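Asker: Sequence and predicted structure are below.
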Amino acid sequence: MTTARFNAIAAATAWRDQARTEGAGQRIEELYGCDVFSEKVMRQRLPKSVFQRLMNTIKRGQKLDAQLADTVAAAMKDWAVERGATHYTHWFQPLTGLTAEKHDSFINTDGSHSVVSQFSGSALTQGEPDASSFPSGGLRATFEARGYTAWDPTSPVFLNRSGPNVTLCIPTAFVSWTGEALDNKTPLLRSIEALSNQAMRILRILGSDQGVGRINTTLGPEQEYFLIDRNLYFARPDLLHCDRTLFGAKPPKGQQLEDHYFGSIPARVLSYMAEVEGELYRLGVPVKTRHNEVAPAQFEIAPIFENANVAVDHQMLLMETLKRVAPRYGLQCILHEKPFAGINGSGKHNNWAISTDTGVNLLDPRDDTHTNLQFMVFLCAVIRAVDIHADLLRASIASASNDHRLGANEAPPAIISIFLGDMLTDIIDQIESGTTRRTKKGGQLDLGATTLPNLPRDAGDRNRTSPFAFTGNKFEFRAVGSSQTSAWPMTVLNTIVAESLDFVASSFERSLGKNPNPAKVQKVVSDLLRTIIKEHKRVVFNGDGYSKEWHEEAERRGLPHLRDSVDALPVFLKKRAGDLFAKYKVLSRAETEARGHIFLEKYVKQVTIEAETMVSISRTMVFPAALQHQRRLAEAISAAQGADVDVGDQRAILEDLVALIGKLSGATNRLEAALAHEASGSHLEHAKHVRDGVKPAMADVREAADALESVVADELWPLPTYRDLLFIK
């Protein structure tokens, strides 16, 4: 193998054999919560009246009292400085899909030129980062630079540590000078408010609003990721620039034995996981589970449920922490949806529910579900929302990277459907027929050995091929990509459910009139639920989402099949989408359309970077290695011919090799030509050219290069192979 590849593999195996074992497990109690300006800390440091008014904002959604800011800021600064902080930052989530921050020092000067430490209420509540270089989708011109960040008190302030440096991080919203949202947090908060308003109408009609002040959506995003050795990572330009492999022949062993899933966690990886968990506990992120995923070198971490806004912020911290800690163990964390061809990709399963501020989960069916009218109303509202707005839900998870994942290897298909399971499907069938008499029970599992307990069995199985599955007391949106922020899919989901709840509440109010009696409520509710089920049950599917039969059946049902991002993302450019978000004050029509343009532009840029990287690797690494192998083979054949040896078979091998090299050269030329083509018109036209012109050319280059990898001498191949990347742990 090449010297560079040999050195990378040698370094990788050294890390594996000397894995660090002093993880953070012993420090968890010491670290837990110590870097979060938590409710406990606020109770200790704030005057009682100030604390109570701030809690009203955080827990009840009451408007923030600006007069509190100076007092809160002073307490926050003292707490941070005591823990080593020298700077503060407004931590926000622009439309790059990442987080952003600009650090300011607590140091200031007074009139006598003395240095003082200050942090005012105005500095806490409002910042002014430059908005011109963040994606705006045409909302702002390049020369229009002013933007504002606004403190979000519902998400905890925390300390970020990097070596000896400590920074106070204040979660904020980010808007332009015109007030238009340039981030993911602002529309998420608006969508939660919209859903709360409509859900409260339902509770008031059903008479179950006593003591309830607002409705929250809760979220628990399961994060899948890959870990590979860092030395091998740096030897792969495609991983370095694109976070996925653009080349790589299928190894003899992949995931076909299914021996990695839930297997024993390698020592180095377990040490890494423990330190990640320690860092997250320190930041107040309540992670719960860790395990090996299906693909080799793939793993998962999952948190405990939280209110959606906080969960999204914590999810961003989780991804950053996974990335930041990995190099300490000689590892690289890869969050791309499909870093390796032929094995499972990575998702971020978003477990979503609706809860009151008194702690009642409105999607909990309870034991006798057929009598739980409140649950059935919310369930049917979600079914209606997903059916009517399936295109929006599909578009919310569209990206160039997720296109590689959807539809295979345990990733759900691009057709949006709902899995309900046997018990709920039976109940909605009963509602449709006009009477509800029973709730299916799961019973007990007798394991056949007296030493083993009988296990309670759920009333229905689970479905790994469903993009939107009911899983006991929540919905699991499985189609979200692993590198994606959860904020945007949750914003879309909250909004479409708010629209559906609005429809249901308005229908009830028209039919019930003033002062309805319980019997009338029961009849009106039952009649509307029956109508909703008849009109929208087409979106319910409990079978195999990968099957050809389902694709054909979905088409007969009239369900949208937006196969890739170029088909899906234009949904946000349509008037219907703009009107929906505007109606519930989640986004203006211009803000919605801007996001469509931003996502399409990102698609074009991402694929273009991949294509240019592919050309570079093909020209400077794969092609020279193949030519060197060709020269060796030709020289060997020539020497054998000189010794009067039959070289017919060897000549055939050489001819095949020359043909493959020619195929690679031709495909690379065509890819360069596709990249050089100037697509005119809108972002959508550019995206169509990339999909229809650039991506097929990329596939041809990969096919030729992967075929060459299978025949070129291993010592000449310049790139760490899948065998190296996936199995050196």
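Answerer: Ah, there it is.

Asker: can you give me the helices in the stretch 351-500 of the chain?
Answerer: 373-388, 390-395, 400-403, 421-433, 487-512 (DSSP state H, counting those that start in this stretch).

Asker: Which of these has the lowest mean pLDDT?
Answerer: Mean pLDDT values for those show the minimum at helix 421-433, a mean of 85.

Asker: in it, what counts as buried?
Answerer: 421, 423, 424, 425, 426, 427, 428, 430, 431 (16 or more other Cβ atoms under 10 Å). Every C-beta, even on glycine, is put in place using the N, C-alpha and C of the backbone.

Asker: where does the protein dip in pLDDT?
Answerer: Within the chain, the segments meeting pLDDT under 70 span 1, 3-33, 109-116, 141-143, 369-370, 407-411, 437-448, 450-463, 679.

Asker: So residue 708 sits against residue 661, correct?
Answerer: Yes - if you go by Cβ atoms under 8 Å, residue 708 and residue 661 touch, sitting 7.2 Å apart.

Asker: which residues are in contact with both of those two?
Answerer: Common neighbours of residue 708 and residue 661, counting by Cβ atoms under 8 Å, 6 or more residues apart in numbering, are residue 626.

Asker: higher neighbour count, the two?
Answerer: Using other Cβ atoms under 10 Å, the more surrounded residue of residue 708 and residue 661 is residue 708, with 24 against 19.

Asker: quick one: the more buried one and residue 623, what's the gap?
Answerer: 9 Å (Cβ to Cβ, to the nearest Å).

Asker: hey, what's in contact with both of these two?
Answerer: 661, 664.

Asker: Helix, strand or coil: sort out the residue nearest to residue 314 when sequence neighbours are not counted for me.
Answerer: Excluding its sequence neighbours, the residue lying closest to residue 314 (Cβ to Cβ, 6 or more residues apart in numbering) is residue 285, at 4.4 Å. Under the three-state scheme (DSSP: H, G, I helix; E, B strand; the rest coil), residue 285 adopts coil.

Asker: I'd like the distance between residue 285 and residue 37.
Answerer: Taken as Cβ to Cβ, the span from residue 285 to residue 37 is 14 Å.

Asker: can you give me the end-to-end distance of stretch 235-254?
Answerer: Terminal residues of stretch 235-254 are spaced 21 Å apart (Cα to Cα, to the nearest Å).

Asker: how about that stretch: buried residues?
Answerer: Under the neighbour-count criterion of 16+ other Cβ under 10 Å, stretch 235-254 has 235-239, 242-249, 251, 254 buried.

Asker: residues touching residue 675, list them.
Answerer: Counting by Cβ under 8 Å, 6+ apart, residue 675 makes contact with 608, 611, 612, 615, 694.

Asker: With residue 526 instead?
Answerer: residue 431.

Asker: Can you list phi and psi of it for me?
Answerer: Residue 526 has phi and psi values of phi -60, psi -40 when expressed as degrees, to the nearest 10.

Asker: and the gap between it and residue 205?
Answerer: 14 Å.

Asker: Same question for residue 384.
Answerer: Relative to residue 205, residue 384 is positioned 17 Å away (Cβ to Cβ).

Asker: Looking at those two, which has the bigger crowd around it?
Answerer: Neighbour count, other Cβ under 10 Å: between residue 384 and residue 205, residue 384 has more, with 25 against 19.

Asker: and stretch 87-106, which residues are buried?
Answerer: Quick answer for stretch 87-106 (16+ other Cβ under 10 Å): 87-95, 97, 99-101, 106.
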